[in-house]
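S.K.: What follows is a predicted protein model with its sequence.
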Amino acid sequence: MCGLGIVAFCSLHPGALGAPVWKPPVIPFRSSVRLEAGLEQTVDRAITRLSAPPYTESFILADVNFGQQRIFTEYSGDISGRMLSMIARERRFGLPDSWPLDHLLAGLAAAQQPDGHFGKPQDLAHEIVGDRDMPILWGNGRLLMGLVDVYAVSRDSRALHMARKLGDYYVATDAYLDRPELVHKFGNYAAGFATCYFSGIEGMVGLWRATRDGRYLAQARRMAHLMMQYTKPGEQHSHGRLCALRGLLDLYKATSDPAYLSYVTDEYGFTATHYLWPTGGLSEMTVPTFQRDEGCTEADWLRLSLELWRLTGKPQYLDDAEWTLRNEMAVNQFPNGGFGHHTARFAAGLMDGYEPNNDRTAQEAYWCCSEHCPRALLDAVSYAIVPRGTDVFLNLYEPMKTEFVVKGQPVSFEIAPAQGGEIVRIVISTHRPIRMALHLRRPAWCSSMTVDGRPEPENPEGRVVLSRQWRGTTSVEIRFGAVLRAWREGQPAFGVPVDQWDSHSDSQAALFLGPYLLGRDWDDRSDPPVVAVGGTLPNIGENMVLHGSDGKTWVFRPVADITPKGSGFRIRVRLAATSH
């Protein structure tokens, strides 16, 4: 079992005087959280992976001290920085460190260059060398974020000292790196300038947050200006791009400049419309037909979706987060608990599932994804139920028990889903009577929602709000109705009910029942079947039998249930007109 821990805060977002505004909550990070059922197993497997081979202290620090030759040692700070961020997240939840923080900080301090950067010596004033300097920029961006994350939870002066020196390096090298002609240099893949440089923005904002030294915020703004002026969505390394977008969100929070938020929401919408796969994931490159995913990208998309909900209150971001969490994140995890790459199958140019795991088609990226993804899973836990004063927002119906302070007293919550999430029981316990408003999210995938057997009106944020005096222990039962839904590229999360599908178009659909993407076992010899949909639906999360126009029967089930042992799956169907 995971014993996690969290504290609640509340902040108000400025708005026009007298106008109703969304007030972003501050995500709680210290109270007791106990995960249950499948979520507990997913998180435990992901964290346990970080202490198994090939991870050793020398392996983690090799990208800064070059004490051993391993994959991507030239990306100085990449693995070590991600491990620091993961340790910081573990500490926020009261979990033990995956690796001794004191040892890692000592090893990092011994490897920092005099000018503040980590990695091989540079001479940027003389020449910017792609295969030397781009990996250094990328890894140093991850390491700066890790140092800032660790300082926020540990107040270890060594972490802040190294972060300051590294921040000073970014400021000192601005004259060489803040140049438009570099933006598209060295390509647009993992070692491109746009990938490696702009991903450092979030660390620079984090360093300003820790020090309030205006030089660091000014440098982050210069980097952001270069990015916003000379880049655009598409055909970029998606992990690097999403890291940079998170940096712009951090700038928005630091400066209240709406241009940063607008830039991110615009690009988010463009990406969701043009590049999202039926799994709720993105390819490693923002190119729809690029043939593999990347766990880091999926983790970034999940985290970006959750934070955009926090800042805006708009329900579609939570729908997107649930779509990714229940499908792509589940599919991306390997049997050993790690995360990485899988090879996508395409049908008529559309993503049609993942090939089975083998040495040719799948690869655990233990050098990045296996550290990056468990952090995102813990973030999802943090955002699942969030207090803001006497308002409590239930966002993701994940199985857990948690407690935090509301109006000066501890209140405990238990979330217990059943029948694949079609029924959710919430138990609220308080020692003394307290007036509190429970904001229950209505997911985009549900066709109806009842609370304790009654339909309840929704507010403009897509919530059913139970505002009452809570006494002792109270149980609330939510029932979600679900219809089979069909999705095509460009549609919002979970698509539309199949009876609203445009059947005269010959486009292929992906099917959802509840939040779960449905697929069939891997069969590379068959085309997407033409199926008729009708009759009684199974419970959410159960198998579904579809009948093909050729008389063949197809069994579809949640893709998350197909992949735990590395099996592949296919998802596309053509809906017969008779299904309406």
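M.R.: Noted; the coordinates are in hand.
S.K.: ranges for the helices of the stretch 451-580 of the chain?
M.R.: For the stretch 451-580 of the chain, the helices defined by DSSP state H, counting those that start in this stretch cover 559-562.
S.K.: Run a quick neighbour tally on Asp502.
M.R.: For Asp502, the neighbour count with other C-beta atoms under 10 Å is 12. (C-beta placed from N, C-alpha, C; glycine too.)
S.K.: ok, it to Gln491 distance?
M.R.: Computed with C-beta to C-beta, to the nearest Å, the distance linking Asp502 and Gln491 is 11 Å.
S.K.: For this structure, give the helix that spans the most residues.
M.R.: Criterion DSSP state H: the longest helix present in the chain is helix 130-154.
S.K.: Average pLDDT for it, rounded please.
M.R.: For helix 130-154, mean pLDDT is 97.
S.K.: Counting by contacts, list what it packs against.
M.R.: Secondary-structure packing of helix 130-154 (3 or more C-beta pairs under 8 Å, 6 or more residues apart in numbering; DSSP states H and E): helix 78-92, helix 101-111, helix 157-172, helix 193-198, helix 201-211.
S.K.: Ok, which of these comes nearest Glu235?
M.R.: helix 193-198 (10.5 Å; C-beta to C-beta).
S.K.: Now that closest one: buried residues?
M.R.: Using 16 or more other C-beta atoms under 10 Å as the test for burial, helix 193-198 gives Phe193, Ala194, Thr195, Cys196, Tyr197, Phe198.
S.K.: Ok, stretch 251-269 next?
M.R.: With burial defined by 16+ other C-beta under 10 Å, the residues of stretch 251-269 counted as buried are Leu251, Tyr252, Lys253, Ala254, Thr255, Tyr260, Leu261, Tyr263, Val264, Thr265, Glu267, Tyr268.
S.K.: Between helix 201-211 and the helix or strand hosting the fourth one, find me the angle.
M.R.: This points to Ala254. For Ala254, the host element (DSSP states H and E) is helix 238-255. Taking axes from the mean of the first three to the mean of the last three C-alpha atoms, to 10 degrees, one finds helix 238-255 and helix 201-211 inclined to each other by 30 degrees.
S.K.: from what I can see Leu251 touches Ala220, true?
M.R.: Yes. Between Leu251 and Ala220 there is a contact under C-beta atoms under 8 Å: 6.0 Å.
S.K.: Show me whatever sits in contact with both of these two.
M.R.: Common neighbours of Leu251 and Ala220, counting by C-beta atoms under 8 Å, 6 or more residues apart in numbering, are Ile201, Val205.
S.K.: and Glu294, how far is that from Tyr317?
M.R.: 21 Å.
S.K.: can you check Pro28 too?
M.R.: The gap separating Pro28 from Tyr317 is 19 Å, by C-beta to C-beta.
S.K.: helices and strands of the chain: which one bottoms out on pLDDT?
M.R.: Least confident element among the helices and strands of the chain, by mean pLDDT, DSSP states H and E: strand 9-10 (a mean of 26).
S.K.: and for stretch 171-189, what are the contacting residues?
M.R.: Contacts of stretch 171-189 (C-beta under 8 Å, 6+ apart): 115-116, 124-125, 128, 130, 134, 137, 192-195, 197, 215-216, 219, 222-223, 226-227, 229-231, 235-237, 285.
S.K.: Go ahead and build a PyMOL selection from the buried members of the residues you listed.
M.R.: The following PyMOL line selects those of the contacts of stretch 171-189 that are buried, judged by 16+ other C-beta under 10 Å:
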select buried, resi 116+124+128+134+137+192+193+194+195+197+216+219+222+223+226+227+231+236+237+285
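S.K.: so what's Ser475 bridging to?
M.R.: Taking DSSP bridges, one finds Val427 as the beta-bridge partners of Ser475.
S.K.: May I ask you to confirm that it is in contact with Ile426?
M.R.: Yes. Using C-beta under 8 Å, Ser475 is in contact with Ile426, at 7.2 Å.
S.K.: okay, the two: which has more neighbours?
M.R.: Per other C-beta under 10 Å, whichever of Ser475 and Ile426 has more neighbours is Ile426, with 21 against 12.
S.K.: which ones are touching that one?
M.R.: Going by C-beta under 8 Å, 6+ apart, the list of residues near Ile426 reads Leu394, Phe413, Glu414, Ile415, Ala416, Leu438, Ser475, Val476, Glu477, Ile478.
S.K.: Who wins on neighbours among these?
M.R.: Highest count within these by other C-beta under 10 Å belongs to Ile478, 24 neighbours.
S.K.: The nearest residue to it once chain neighbours are set aside and Ala347, how far apart?
M.R.: Sequence neighbours aside, Val424 is the residue nearest to Ile478 in space, at 4.5 Å (criterion: C-beta to C-beta, 6 or more residues apart in numbering). Going from Val424 to Ala347 by C-beta to C-beta gives 35 Å.
S.K.: higher neighbour count, those two?
M.R.: Val424 (21 against 14).
S.K.: wait, is the more buried one part of a helix?
M.R.: No. If the criterion is DSSP: H, G, I helix; E, B strand; the rest coil, then Val424 is strand and not within a helix.
S.K.: shouldn't it be in contact with Tyr397?
M.R.: Yes. Val424 lies in contact with Tyr397 (C-beta under 8 Å); the separation is 4.8 Å.
S.K.: any residues in contact with both of these two?
M.R.: Listed as contacting both Val424 and Tyr397 by C-beta under 8 Å, 6+ apart are Ile415, Pro417, Ile478.
S.K.: and the first one, helix, strand or coil?
M.R.: The reference is to Ile415. Recorded secondary structure, Ile415: strand (three-state DSSP).
S.K.: Now Pro457. Nearest residue, chain neighbours left out?
M.R.: Counting by C-beta to C-beta, 6+ apart, the nearest residue to Pro457 once its immediate chain neighbours are dropped is Val464, at 7.3 Å.
S.K.: tell me what the strand or helix carrying Thr265 is packed against?
M.R.: In this assignment (DSSP H and E), Thr265 forms part of helix 258-274. With contacts taken as 3+ C-beta pairs under 8 Å, 6+ apart, helix 258-274 sits against helix 214-230, helix 238-255, helix 295-312.
S.K.: Quick check: which of these is nearest to Arg142?
M.R.: For these, proximity to Arg142 was assessed by C-beta to C-beta; helix 238-255 is nearest, at 8.4 Å.
S.K.: so that closest one versus helix 214-230, what angle?
M.R.: Using the same axes, to 10 degrees: helix 238-255 against helix 214-230 is 130 degrees.
S.K.: before we move on, back to that, how far off helix 101-111 does the longest helix of the chain point, in degrees?
M.R.: 140 degrees.
S.K.: Please identify the buried residues of helix 130-154?
M.R.: Of all the residues in helix 130-154, those buried under the rule 16+ other C-beta under 10 Å are 133-154.
S.K.: Check the offset of that helix from the chain's centre.
M.R.: Its chain's C-alpha centre and that of helix 130-154 lie 19 Å apart, by C-alpha atoms, centre = their mean, to the nearest Å.
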